[in-house]
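**Student:** After the sequence you'll find the predicted model.
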Amino acid sequence: MPTAIRIQRTGGPEVLEPAEVDPGEPGPGQVLVDVAAAGVNYIDTYQRSGIYPVDLPYVPGLEGAGTVAAVGAGVTDVSVGDRVAWQGSPGGYAARTLVPADIVVRVPHGVSDEVAAATLLQGVTAHYLVNSTYPVRAGETILVHAAAGGVGLLLTQLAKAKGARVIGTVSTEEKERLAREAGADEVIRYTERDFTEAVRELTGGEGVAVVYDGVGKSTVEGSLDSLRVRGMLALFGASSGPVPPIDPQRLNAGGSLFLTRPKTGDYLRDRAELEWRTGELLAAVADGSLRIRVGGRYPLTEARQAHEDLEGRRTTGKVLLLP
């Protein structure tokens, strides 16, 4: 029985190969985890394809949840049998994996392993975007691209909790329904009309305070055109492809705009920041104020299909692999 998914060369989803991989015993500062669920994220596809270089062979998967099977020397915060979740360490596409102890967090009662695995990476992204990259304020109008995707649904909920007016973009009627269920006030089907024109109409010509854009190449110009004077484009992903260089004069002409390309590591600088972000997220999930949508569950051996569906935009919410 295969125990992991391994990449030995970069390329399309076909390079995701089931393999027997022994993670070994935990060393100092590590924990060995029996993986119950692993999150599938766009960054996994970037690493698989070579857009983000990694050392090969490589077991992808930066996020997961499961039960601690063994602990290494010096580990005191978690014990064998504890349910934990993590994000930021590779190797999640496996039945067992080694994880640095300083990035694991305990999963609270009332939160399943699957939901925990579906929360952290995209949840931390949404948390830092609305709390730190551009702190959303009550009464502001914001634009969330791919509002029915994993991050989009979380961004919408977190921004609504702060009192913002949320405009979301989606491609289908079903995705519009999901975005509205998450709290989006207005939803634009970009397949049917130009989203920039729609945003201007919905804001009386002013534009939005911030655009949270994880789509990239196909949306970046329209995102800049959707901003109000001194608005911010938070470009946190590139599901449609890498964004070409942007002339700073483009920001000048648009109204003294701000452009940022945040990444998770810069918003998890220490253990205190990790506990703040994950603590708020998991507490909100546990009390029901933050809903996590798992849109697809695949056996570990079907990682290729999971990537094909994710890249083909055939998924909503979070995609999980189940060892």
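**Tutor:** Arrived safely.
**Student:** Tell me where the stretch 201-323 of the chain has strands.
**Tutor:** 208-213, 227-235, 258-260, 294-299, 318-322 (DSSP state E, counting those that start in this stretch).
**Student:** With residue 5 as the reference, name the closest of the ones you listed.
**Tutor:** strand 318-322 (7.7 Å; Cβ to Cβ). Just so you know, the C-beta spots here come from the backbone N, C-alpha and C atoms, and that holds for glycine as well.
**Student:** Dump the strands of the stretch 201-323 of the chain into TSV; add mean pLDDT as well.
**Tutor:** Below are the strands of the stretch 201-323 of the chain laid out as TSV (pLDDT from 0 to 100):
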stretch	mean pLDDT
strand 208-213	98
strand 227-235	98
strand 258-260	98
strand 294-299	94
strand 318-322	96
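**Student:** any idea which of these is most buried?
**Tutor:** strand 208-213 (a mean of 27; mean count of other Cβ atoms under 10 Å).
**Student:** With distance to residue 189 as extra columns, can I get the strands of the stretch 201-323 of the chain in TSV?
**Tutor:** Putting these into TSV (distance: least, Cβ to Cβ, whole Å) gives the following:
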stretch	distance to residue 189
strand 208-213	17
strand 227-235	21
strand 258-260	26
strand 294-299	19
strand 318-322	22
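**Student:** how about those, which one is nearest residue 44?
**Tutor:** strand 318-322 (9.6 Å).
**Student:** Parallel or antiparallel, list what pairs with that closest one.
**Tutor:** strand 30-40 (antiparallel), strand 294-299 (parallel) (DSSP bridges).
**Student:** Pull out the C-alpha coordinates of it and format them as PDB.
**Tutor:** Extracted in PDB, the C-alpha atoms of strand 318-322 (Å, rounded to 0.1, in the frame of the first residue of the first chain):
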ATOM      1  CA  LYS A 318     -11.200  23.200   0.500                       C
ATOM      2  CA  VAL A 319      -9.800  20.100  -1.200                       C
ATOM      3  CA  LEU A 320      -8.500  17.400   1.000                       C
ATOM      4  CA  LEU A 321      -6.500  14.200   0.600                       C
ATOM      5  CA  LEU A 322      -7.400  11.400   3.000                       C
END
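**Student:** Could you export the strands paired with strand 318-322 as a markdown table, including distance to residue 203?
**Tutor:** As requested, those are exported to a markdown table (distance: least, Cβ to Cβ, whole Å):
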| stretch | distance to residue 203 |
| --- | --- |
| strand 30-40 | 34 |
| strand 294-299 | 30 |
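**Student:** right, so of these, which gets closest to residue 187?
**Tutor:** strand 294-299 (17.4 Å).
**Student:** which residues touch the closest one?
**Tutor:** 40, 114-115, 118, 150, 305-306, 309, 315-322 (Cβ atoms under 8 Å, 6 or more residues apart in numbering).
**Student:** Could you pull up the residues touching the residue nearest in space to the middle of the chain?
**Tutor:** Nearest residue to the geometric centre of the chain (Cα atoms, centre = their mean): residue 122, 2.7 Å. Counting by Cβ under 8 Å, 6+ apart, residue 122 makes contact with 39, 41, 150, 151, 154, 318.
**Student:** Report the spatially closest residue to the fifth one, excluding sequence-adjacent ones.
**Tutor:** In this structure, residue 154 finds its nearest non-sequential neighbour in residue 126, 3.8 Å apart by Cβ to Cβ, 6 or more residues apart in numbering.
**Student:** I'd say that neighbour and residue 161 touch.
**Tutor:** No - counting by Cβ atoms under 8 Å, residue 161 is not a contact partner of residue 126; they are 11.1 Å apart.
**Student:** Those two: who's more crowded?
**Tutor:** residue 126 (27 against 14; other Cβ atoms under 10 Å).
**Student:** so how far is residue 321 from residue 310?
**Tutor:** Residue 310 sits 11 Å away from residue 321, going by Cβ to Cβ, to the nearest Å.
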